[in-house]
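Asks: Here you go, sequence then predicted model.
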Amino acid sequence: MGKVLHGFGLFACIAVLLALCLLLLLHDGQYCCGRVQKKQVNESQSVGGSCNLFEGSWVYDDTYPLYDTFSSCPFVEKEFDCRKNGRPDSKYLKLRWKPDTCALPRFNGMDMLRRLKGKKILFVGDSLSLNQWQSLTCMLHSAVPKTNYTLTRKGDLSTFSLPEFEVSVMMSRNAFLVDLVKTRTGGSMVLKLDSIENGNAWKGYDMLIFNTWHWWLHKGSKQPWDYIVSGGKILQDMDRLAAFREGLTTWSKWVDSNVDAKTTKVFFQGISPSHYNGQTQPISGSTYPGGSPPATTVVNQVLAKMSSPATLLDITLLSQLRKDGHPSVYGFGGKTGNDCSHWCLSGVPDTWNELLYATLVTTDQRS
């Protein structure tokens with residue numbers, strides 16, 4: 001009889017422990033029978049609040065890419081279409097950006113078109129802006145592949161329109177944002193760090209997405225200017241990071257003086273990194289060994305001083321981790337080139353636009 005009671009008592013203790021464990025598990029899902037479990041990120045968690053969408057890592061996702069350039073983006077630029085240019089591997093197409101503390105909402109092209117209905121969007125910047133603009137046009141077109149679209153180019157302005165949705169997405173090629181002008185005498189090209197008269201063409205849009213940096217470092221035959229005007233002085237050259245800061249400050253003052261934040265959303269693309277030599281594997285984890293490029297500090301400091309808010313799409317880290325995402329020898333130059341600055345499409349710029357979409361969703365939720 002004593003053995004039976006002893007057995008019953010042991011059973012009762014185990015039952016009590018299991019009950020307590022169940023209560024704790026239902027309470028917050030973190031502890032179970034003395035074993036600590038890592039709290040999982042809720043994949044349906046809102047992107048608002050304290051979530052940093054730009055800190056995270058890349059994970060394999062077989063449902064990617066978001067579109068196929070062969071079937072749903074017939075107008076993709078040849079220089080970005082790595083598959084059509086013969087790139088044989090495909091893992092670079094199957095990676096999804098996963099923030100550490102919340103879920104990045106999957107891009108919904110129809111919802112994006114609804115949010116942009118009746119609006120005009122303008123990308124202003126260098127060929128990295130072209131990369132992102134081209135990505136967004138592919139993403140929107142793939143959501144409504146049977147809808148008529150128009151794609152035109154006049155001078156440095158490209159326009160993609162979906163008339164049924166009253167949406168126009170434009171791209172203005174402007175590598176420095178500040179004025180690059182030709183002198184009347186001599187025909188020299190002058191980069192004027194304190195002048196931004198070309199900004200008149202940016203007025204009247206519902207959304208502006210700016211970018212600059214890539215061309216500030218070019219020298220020799222790739223340098224598009226002969227002189228720099230800085231602080232009223234004509235110079236043959238100067239510290240490029242200092243020049244970038246001065247030019248970006250001129251841009252920020254233009255935004256503060258000319259953009260009404262109530263009617264126009266302003267974004268800055270952030271610094272897109274370059275890598276060296278063709279790679280087929282991304283960097284695992286959420287840290288880039290080389291740290292951030294100095295230009296990111298300049299961008300953060302300049303944007304922090306603006307009175308009219310400009311939202312930073314902080315693409316630098318997530319792009320640094322994707323050394324596999326460049327065209328390399330599968331870009332415009334083919335085997336004779338080695339493009340490790342731009343990005344394949346489908347590819348990394350699609351994530352930049354997913355982040356743009358998530359930011360718009362978050363802003364609408366807060367308002």
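Replies: Arrived safely, thanks for sending.
Asks: from memory Cys102 sits against Cys51, does it?
Replies: Yes. Between Cys102 and Cys51 there is a contact under CB atoms under 8 Å: 3.9 Å. All C-beta atoms are positioned from the backbone trio N, CA, C, and that covers glycine.
Asks: Between these two, which is the more surrounded one?
Replies: Cys102 (22 against 19; other CB atoms under 10 Å).
Asks: quick one: secondary structure of that one?
Replies: Following DSSP: H, G, I helix; E, B strand; the rest coil, we place Cys102 in the coil state.
Asks: Next, it: phi, psi?
Replies: Per-residue torsions, Cys102: phi -160, psi 180 (degrees, to the nearest 10).
Asks: quick one: it and Ser142, what's the gap?
Replies: 25 Å (CB to CB, to the nearest Å).
Asks: And Lys265, by the same measure?
Replies: Taken as CB to CB, the span from Lys265 to Ser142 is 24 Å.
Asks: Now for Cys358, how many residues are close by?
Replies: Quick fix: residue 358 is Ala, not Cys. 21.
Asks: Tell me the secondary structure at it.
Replies: Classified using three-state DSSP, Ala358 is helix.
Asks: and it, how far is that from Trp352?
Replies: 11 Å.
Asks: For Asn300, give me its contacts.
Replies: Counting by CB atoms under 8 Å, 6 or more residues apart in numbering, Asn300 makes contact with Leu312.
Asks: I misspoke; the intended subject was Arg173.
Replies: Contacts of Arg173 (CB under 8 Å, 6+ apart): Gly125, Asp126, Ser127, Ser129, Leu130, Asp156, Leu157, Ser158.
Asks: any idea which element the last one lies in?
Replies: Under the assignment given by DSSP states H and E, the secondary-structure element containing Ser158 is strand 157-162.
Asks: quick one: buried residues of that strand?
Replies: Ser158, Thr159, Phe160, Ser161, Leu162 (16 or more other CB atoms under 10 Å).
Asks: Just send these back as a markdown table, with pLDDT too.
Replies: Below are those laid out as a markdown table (pLDDT from 0 to 100):
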| residue | pLDDT |
| --- | --- |
| Ser158 | 98 |
| Thr159 | 98 |
| Phe160 | 98 |
| Ser161 | 98 |
| Leu162 | 97 |
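Asks: could I get those as a markdown table with distance to Leu151?
Replies: What follows is the buried residues of strand 157-162, written out as a markdown table (distance: CB to CB, whole Å):
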| residue | distance to Leu151 |
| --- | --- |
| Ser158 | 7 |
| Thr159 | 7 |
| Phe160 | 5 |
| Ser161 | 8 |
| Leu162 | 10 |
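Asks: out of those, who's nearest Arg240?
Replies: Ser158 (27.9 Å; CB to CB).
Asks: Buried among the contacts of Arg173? Need that as a selection in ChimeraX.
Replies: Only the buried entries of the contacts of Arg173 go into this ChimeraX selection, using 16+ other CB under 10 Å:
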select :125,126,127,129,130,158
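Asks: just the contacts of Arg173 now: which is nearest Gln236?
Replies: The nearest one, if we look at these relative to Gln236 and count by CB to CB, is Asp126, at 22.6 Å.
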